[in-house]
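**Student:** Got a predicted model here, sequence first, then my questions.
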Amino acid sequence: MKTHTMLPDASVLPALKRFTICIALLMLPAFSQQVTVDVTPGHSTNSFSPLRTLGAGIDRDPLNSVHVLFNPPHVGSMLSAGWGSVSYRLNTELSVQAWHWNPRGKWSDPSGQGYFVGDPSSAGDITRSFGYNLPLRGTTSNYGTGSGYSRVDDGDTNTYWKSDPYLDQTYTGESNALHPGWIIVDLGSKMGVNAMQIAWGDPYATNYEVQYWTGDDPIGNPAGGNWKNFPNGTVTNGKGGLAKLQLSQKTLNVEFVRVLMTASSGTCDSHGSADPRNCLGFAIREVYLGTESGGKFTDLVRHSPDNFQTATYASSVDPWHDPTGIAKDDGEQPGFDLVYKSGLTNGLPMTVPVAMLYDNPDNAANEIAYLEARGYSIRYVELGEEPDGQFVLPEDDAALYVQWADAIHKVDPNIKLAGPVFEGVNSDIQVWPDSKGNVSWFNRFLNYLSSHDHLGDLNVMTFEHYPFDPCHITWNNLYQEPELVRGIMKVWHDDGLPKNVPMQITESNLAFDTATQYMQPFGALWLADYAGTFLTAGGQGLFYYQFEPLPMYHGCGGWGTFGMFNVDAHYKIKQETAQFFSAQMLTQEWVQPVDEDHIVYPASTGIKDSHGHLLVTAYSVQRPDQQWSLLLVNKDPVSAHSLTVEFSNSSDHSTHYFQGTVKQVTFGSDEYVWHANGQNGYASPDGPAKKSEQSGGKGVQYTLPAASVTVLRGMVQ
C-alpha cells in the first residue's frame, strides 16, 4: 500500500511549504468537516487528576551523572514540561542483576557475600545505587553487561547455573513439579541429535526430562508447538555427577532442546550448608548436546565465556552474588533520597519498584520500611519488571509475587501493589501450553493469584507501551496508534483482568530504541494521540519515558533520544525537542495543571484519507474551571483541515457549541523543524506553540495545520 510522504527536508522547506500551503487551501472541503463531542449524561468514559495521571519515568543513568541530572536547574527544566507524578523504573531487572537500593546493608554470609538485604534505617542520604551481576546465571544475553553469558556452556565446570531458591517448595508451599526448573539449548538451526551429557552441580535434579520443541521457535513463537520427550529422555532416579544420556537410537532433527527438572536432590552448592537457600533448586555446571555413535560422543554446543557461546535460556536465576559483581559500567540508579528531595515528584506519591526476579523478599520489605520511615509518599509498589522479556513462566512470576506481597504487607498492610509490568507489546503475551492448552501468560498469572487468594494484591495492572519497530517507523504508524492502545487494553480484560483493577502504563515512548522520528513533529503527534486514546479508553495513569535529559545516541532508527531535551555530552540542555512541547500541550493547555478531576467524554471525527486512515483524532475533557477542552491531532502530513465543533446530548436531542472566546493553541510542523545532522542535529524553529483567540458559535470553523497538535478551549452553553 502506498504510504504518505514524510515531512520535507529543511533545505527545501521554505519554497515547498509555500507551495504546500497554497495546495492545502485549495484542497479544503467546501462542506464543513465536524468534530462531535458526546456530552450525554452517563456517557463519560473516565475521570482523572492530571497531576496524578500524566507523569514521567526515571531510570538508570550513566555513571556519575545523577548528581547533575537531579540538580535544581535540570529539575526545573524537567518540571517545566508539566508532568505530575513520577514512576521509578528498575533497569537492573532487565540486566539480570540484584539491586542494592541501599548501598548499606548486610550479606547473608558473614564473609560478605550471598543474599544482600538493604538497611531499613541507615543514616545519611542514598544518592545513587547499583546493580550487581549474578554469577549463577543460565541465560545467554548481550544486554547491558559483558558478564551476560550462560554458565551452562561457558566451558568451565567450576562455574554453574543455579535456579532461584524462592521457587522451591520450601517457599512456594507446593510441589517442585508445579514450578520446575529448566534450561533450553538453542543449536541455532536444526541438527541431528540423539545424545546429551549433563555435568550436574549441587543441588542436582533427581527427576527430569529431556525434550525437544516441535514448532519453529519456543522463544519467539511459544504457542506454535509443544515440548516432546525424547524416547529415552525421562530420568527418575538421577544421581548427579556427569550424566550421559542416550536420548534415542536414531538422530532426531531438532534445534531447541529442554531439560525440565521436577525434583531436587537438596544437596548444597559450593557455598555450603549454613544457608538453606544454597541447597534448594537445581544446578548445572555444563551441558553437552549432540550425537552418540560407536561409543563416540560428538558435541554440537559451542562452549565460550561470552556472547558467542551457543545460546541457552534458563527458568530463573539464584540471586546469590558477591561485592565483585557491582556493575558500575552499566551506570547508576538515582538514589531514593536524591529523587524525593530534588522536588521532581511535585510532592506527590511516587510509584516505586522492588526487585523481585533477581532478589529476595526481605530486601523488598526493608526498602518499603526505609521509605516510610523517612516519610516518603508511595503511590504503588511495582513488583519486578518485564517478566515476559526475562522468559519467566507466569506461575513462577505469580509465586514470587505472592511471597513479595506477603513480605511487604508485613511492613505495611495498606501498601498498594502493581504488576506484572509487561514489556511494550501490541498483542497478547503467549507462553508454552499448559496441561489445558492455555497459552495466555496473563490469564495464567491471574489464575494463579486467584487460586492462591492473592488476586486482591494486584491493585493496579501495569505495563509498558513501545508500539513501533524503531528500525522501520513510517508515517503510517501514526494512524495505527489509537487501535494499538485500545487493542492491548482489551486484551488484558479478555485475559481476565477484573474490571475494578485499573491500568497504568508506567513507561512509554515510540519504540524500544531511538529513531529520528523522536526528534521530529512525528514524536509530538504520537504522544498527544497516545495519551488522549489511553485516557478516553479508561486508563488510570501514563508515564512518559524518559524524564532525565540524556544525550542523543544512534539507534537502529537513527539519532534520537528518549527524553524531551537536546543536550550535550555533559548533560547541558541546548534546546527542547518536539515531545517537550507536546507534553506542555497535554499538561498545561488541554487540562488544568491541578489535582482535581477532569471528566472525559468521547469525541469523534470522520476526516479520513482515500485509504481509510483517520486523519484527525479528537479527545475531550470538561475541566474543573468548567471549560470544555478539545485535544485535536491532525496526522495529515501535508494538508490543513478546517472543521466545526458540536457538543451533542442524545438524551434531550440538544446540540451545543463553544460560546464567547475560544482559545486555540497549536504546535506542529509550522512551529518546529528538526534538522538531522547526526549527533549535531538541532531544531529550528524550536517552538513555542502558537496561541490565538476567536469567537465561538454554531458553524464557526477552526483550522488545524498539517502535522499538528491543537487544543481548542472555551465555555459551552
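**Tutor:** On my side now, so go ahead.

**Student:** What distance do you get for P323 to A98?
**Tutor:** 11 Å (Cβ to Cβ, to the nearest Å). (Glycine included, C-beta is placed from N, CA and C.)

**Student:** which residues do those two both contact?
**Tutor:** Listed contacts common to P323 and A98 are Y132; contacts here mean Cβ atoms under 8 Å, 6 or more residues apart in numbering.

**Student:** Just want to know which of those two has more residues nearby.
**Tutor:** Of the pair P323 and A98, A98 is the one with more neighbours under other Cβ atoms under 10 Å, namely 25 against 11.

**Student:** So the more buried one sits against L90, correct?
**Tutor:** No - using Cβ atoms under 8 Å as the test, A98 is too far from L90 to be in contact (11.3 Å).

**Student:** So for the two, which residues contact both of them?
**Tutor:** Common neighbours of A98 and L90 (Cβ under 8 Å, 6+ apart) are A355.

**Student:** Give me the nearest residue to L632, chain neighbours excluded.
**Tutor:** T710 (4.5 Å; Cβ to Cβ, 6 or more residues apart in numbering).

**Student:** For the stretch 401-550 of the chain, just list every one of the strands.
**Tutor:** 417-422, 460-465, 503-508, 541-545 (DSSP state E, counting those that start in this stretch).

**Student:** how much space between the residue nearest to the spatial centre of the chain and D59?
**Tutor:** By Cα atoms, centre = their mean, the chain has its centre lying nearest to E464, at 3.3 Å. When distance is defined by Cβ to Cβ, E464 is 12 Å away from D59.

**Student:** residues contacting G224?
**Tutor:** 215-217.

**Student:** Generate JSON lines for the residues you listed, with secondary structure and distance to W628 as supplementary columns.
**Tutor:** Formatted as JSON lines, the entries for those read as follows, by DSSP: H, G, I helix; E, B strand; the rest coil; distance: Cβ to Cβ, whole Å:
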{"residue": "G215", "secondary structure": "coil", "distance to W628": "53"}
{"residue": "D216", "secondary structure": "coil", "distance to W628": "53"}
{"residue": "D217", "secondary structure": "coil", "distance to W628": "51"}
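
**Student:** Most neighbours out of the residues you listed, which is it?
**Tutor:** Among the contacts of G224, G215 has the most neighbours (other Cβ under 10 Å), with 15 neighbours.

**Student:** residue contacts, that residue?
**Tutor:** With contacts defined as Cβ under 8 Å, 6+ apart, the neighbours of G215 are 221, 224-226.

**Student:** do G220 as well
**Tutor:** Neighbours of G220 in contact, by Cβ under 8 Å, 6+ apart: none.

**Student:** Just the local confidence number for it, please.
**Tutor:** On the pLDDT scale, G220 is placed at 95.

**Student:** How is it classified with respect to secondary structure?
**Tutor:** What DSSP: H, G, I helix; E, B strand; the rest coil gives for G220 is coil.

**Student:** returning to that earlier point: check the contacts of G215 for burial and list the buried ones.
**Tutor:** Neighbour-count burial (16 or more other Cβ atoms under 10 Å) applied to the contacts of G215 gives G225.

**Student:** Can you lay out the contacts of G215 as a markdown table showing distance to P705?
**Tutor:** Formatted as a markdown table, the contacts of G215 follow (distance: Cβ to Cβ, whole Å):
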| residue | distance to P705 |
| --- | --- |
| N221 | 44 |
| G224 | 46 |
| G225 | 51 |
| N226 | 55 |
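
**Student:** out of the contacts of G215, which one sits closest to P353?
**Tutor:** Lowest distance from P353 to the contacts of G215 (Cβ to Cβ) belongs to N221, with 29.8 Å.

**Student:** I'd like the average pLDDT over stretch 181-201.
**Tutor:** Stretch 181-201 comes out with an average pLDDT of 98.

**Student:** Give me the distance between it and the centre of its chain.
**Tutor:** Stretch 181-201 has its C-alpha centroid displaced from the chain centroid by 31 Å (Cα atoms, centre = their mean, to the nearest Å).

**Student:** now swap in stretch 380-390 and tell me
**Tutor:** For stretch 380-390, the distance to the chain centre is 9 Å (Cα atoms, centre = their mean).

**Student:** Give me the residues contacting that stretch.
**Tutor:** For stretch 380-390, the surrounding residues in contact (Cβ under 8 Å, 6+ apart) are 89-90, 93-94, 96, 351-357, 364, 368, 394, 397, 400-401, 404-405, 408, 415-423, 425, 429, 441, 459-460, 462, 464, 504, 506.

**Student:** 7 Å instead, please
**Tutor:** Identification of contacts with stretch 380-390 by Cβ atoms under 7 Å, 6 or more residues apart in numbering yields 90, 93-94, 351-354, 356-357, 368, 397, 401, 404, 408, 415-423, 429, 441, 459-460, 462, 506.

**Student:** now those: which count as buried?
**Tutor:** Applying 16+ other Cβ under 10 Å to the contacts of stretch 380-390 flags 90, 93-94, 351-354, 356-357, 368, 397, 401, 404, 408, 415, 417-423, 429, 441, 459-460, 462, 506 as buried.

**Student:** show me what contacts the closest residue to F422 other than its chain neighbours?
**Tutor:** Using Cβ to Cβ, 6+ apart and skipping the chain neighbours, the partner closest in space to F422 is F463 (4.1 Å). F463 makes contact with 421-422, 505 under the criterion Cβ under 7 Å, 6+ apart.

**Student:** run the last query once more with 10 Å
**Tutor:** Taking Cβ atoms under 10 Å, 6 or more residues apart in numbering as the criterion, F463 is in contact with 386, 388, 418-425, 429, 442, 488-489, 492, 503-508.

**Student:** Compute the distance between the closest residue to G419 other than its chain neighbours and P135, please.
**Tutor:** In space, and not counting its chain neighbours, G419 is closest to L383: 4.7 Å by Cβ to Cβ, 6+ apart. Separation of L383 from P135 (Cβ to Cβ): 24 Å.

**Student:** Please identify which of these two sits among more neighbours.
**Tutor:** With neighbours defined as other Cβ under 10 Å, L383 and P135 compare such that L383 has more, 29 against 19.

**Student:** Identify the bridge partners of F667.
**Tutor:** Beta-bridge pairing of F667 under DSSP bridges involves V709.

**Student:** Begin at 50, not 1, for the rest of this chat.
**Tutor:** Noted, 50 is the first residue going forward, which turns the last one into F716.

**Student:** what's the burial count for it?
**Tutor:** 28.

**Student:** again, but for G173
**Tutor:** 8.

**Student:** tell me which residues in stretch 283-292 are buried?
**Tutor:** 284, 287, 289, 292.

**Student:** quick one: which of those is nearest V166?
**Tutor:** G289 (31.0 Å).

**Student:** need the contact list for the closest one.
**Tutor:** 247-255, 314, 316, 332.

**Student:** Distance check, the residue nearest to G468 against S718.
**Tutor:** In terms of Cβ to Cβ, L432 sits 42 Å off from S718.

**Student:** can you name the farthest residue from the center of this structure?
**Tutor:** Distance to the chain centre peaks in the chain at G343, reaching 51.2 Å (criterion: Cα atoms, centre = their mean).

**Student:** Next one: that one from Y337, what distance?
**Tutor:** As for G343, its distance to Y337 is 17 Å (criterion: Cβ to Cβ).

**Student:** thought Q708 was touching V694?
**Tutor:** No - using Cβ atoms under 10 Å, Q708 is not in contact with V694; the gap is 11.4 Å.

**Student:** Need the overlap of contacts for these two.
**Tutor:** In contact with both Q708 and V694: 745, 747, 763, 765, using Cβ under 10 Å, 6+ apart.

**Student:** Helix or strand: which one has the second one?
**Tutor:** K747 belongs to no helix or strand when elements are defined using DSSP states H and E.
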